[in-house]
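[1] Predicted model, plus sequence, below.
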Amino acid sequence: MINDKGILIRNIYYMLTYAFTDLKHKYYENIAKEEFKHIYDIFAEILYKGMSMQIKQGLYRAYIDKHENLYTLRGKLDLQGTINDRIRRQTAIYCEYDELSVDNILNQILKFTAMALIREGSVGLKRRAALRRLMLYFSSVSDISRSDIHWSTLRYGRNNQSYRMLMNICYFILDGMLMTTEAGEYKMAAFSEEHMHKLFERFVLEYYRIEHKELNVCSSEIKWDIDYDAECCIEFLPKMQSDIILKKGERTFIIDTKYYGKTLSTHYDKKTLHSANMYQIFTYVKNYDKEQSGNVAGILLYAKTSEDITADFAATFGKNKFWVKTLDLNQEFEEIKNQLNAIQALYLS
């Protein structure tokens, strides 16, 4: 099936398997054989399988603080609470103790995300019903709101490492979620160009990292080629964060990925490249190549949409080579891989 942006839905799953490598686990392999009508259908299937596997392994338990009136001492005595109980003529003692519980933030996020997909009309009835059955295992997990989730505070250790990929999927699903009613009910936002750009960027990065071991692959900040002793001006310069940097020997290939509904802009009925994008890749390359060696090249890599005209451009500015290419996602995935292999070979063969 093809979504409204002309992209094969199944290819989105393949892109996700590179972006989140745990999806290459054999437990998920049958997903690629299924039919999907909408991208949230894919997310529902991934989450269902991931949560099912987690339930079989056992839901993560974490120590949580509990405060409770008990008739025997457990944990620490809460003196002020006990005094208040005595004043109210209660014979219990107020205790503060830690207890292992499945009612922790990781399981709360899983529950919240699953419920969001269950309410999402674009998810098929079978998948919504399957997720609803899993909610029986989360009956003792508290409900939370979107504002209760602070992604940067999540921590992973030996006992919850299997949650890392699931949390990344949950973030991808919930990012940009819209509150739609005064009662605080949430609704999935349309899977936007911004979402697709994030997925496209991470897919290309991880593809080269996994499939081309001969390359040094990273995403790093590019420093401005200026006198850093002149600190007075540095704070006013924007940060240059590259999408993808490929290195082989002395050569460096900087890739800047772009996903737009329209890859070309129109000026006086003439199709042109987005000037800001060209300035951006030009700036990245020229500042990275501080020695002006010519061993740094750049490419703007667009995802092909439904436009008939696609960007295809090559030029040399000074000693540095530049390309603009379009990756057609609306074809068999093997051909997408062939295109990516050919792109890195433009400069690093």
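    Everything's here; your move.
[2] residues contacting the closest residue in space to Ala130 that isn't next to it in sequence?
    Leaving aside its sequence neighbours, Ala130 sits nearest to Tyr48 (Cβ to Cβ, 6 or more residues apart in numbering; 5.1 Å). For every residue, glycine as well, the C-beta is placed using N, CA and C. Residues in contact with Tyr48 (Cβ atoms under 8 Å, 6 or more residues apart in numbering) are Arg127, Ala130, Leu131, Leu134.
[3] Buried residues in the strand or helix carrying Tyr48, which are they?
    Assignment of secondary structure by DSSP states H and E places Tyr48 within helix 39-57. Within helix 39-57, the residues scored as buried using 16 or more other Cβ atoms under 10 Å are 39-52, 54.
[4] tell me the mean pLDDT over it?
    Average pLDDT, helix 39-57: 93.
[5] and that helix, C-alpha only, in CSV?
    Only the C-alpha atoms of helix 39-57 are listed here, as CSV (Å, rounded to 0.1, in the frame of the first residue of the first chain):
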residue,chain,number,x,y,z
ILE,A,39,1.8,4.3,9.0
TYR,A,40,0.2,4.1,12.5
ASP,A,41,-0.8,0.5,11.5
ILE,A,42,2.9,-0.3,11.4
PHE,A,43,3.5,1.3,14.7
ALA,A,44,0.6,-0.6,16.3
GLU,A,45,2.0,-3.9,15.0
ILE,A,46,5.5,-3.1,16.2
LEU,A,47,4.3,-2.1,19.6
TYR,A,48,2.0,-5.1,19.9
LYS,A,49,4.8,-7.5,19.2
GLY,A,50,7.3,-5.6,21.4
MET,A,51,4.9,-5.4,24.3
SER,A,52,3.9,-9.1,23.9
MET,A,53,7.6,-10.2,24.0
GLN,A,54,8.2,-8.0,27.1
ILE,A,55,5.2,-9.5,28.8
LYS,A,56,6.6,-13.0,28.2
GLN,A,57,10.0,-11.9,29.6
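[6] Phi, psi for the residue positioned nearest the centre of the chain please.
    By Cα atoms, centre = their mean, the chain has its centre lying nearest to Phe172, at 4.9 Å. Per-residue torsions, Phe172: phi -60, psi -40 (degrees, to the nearest 10).
[7] I'd like to check which residues are in contact with it.
    Neighbours of Phe172 in contact, by Cβ under 8 Å, 6+ apart: Phe43, His195, Lys198, Leu199.
[8] Once you drop chain neighbours, what's closest to the first one?
    Once its chain neighbours are removed from consideration, Phe43 has its nearest residue in Ile173; the separation is 5.1 Å (Cβ to Cβ, 6+ apart).
[9] Could you check how far the residue nearest to the centre of the chain is from Val324?
    28 Å (Cβ to Cβ, to the nearest Å).
[10] Equivalent analysis for Leu16, please.
    Relative to Val324, Leu16 is positioned 26 Å away (Cβ to Cβ).
[11] Kind regards, and thank you for your time.
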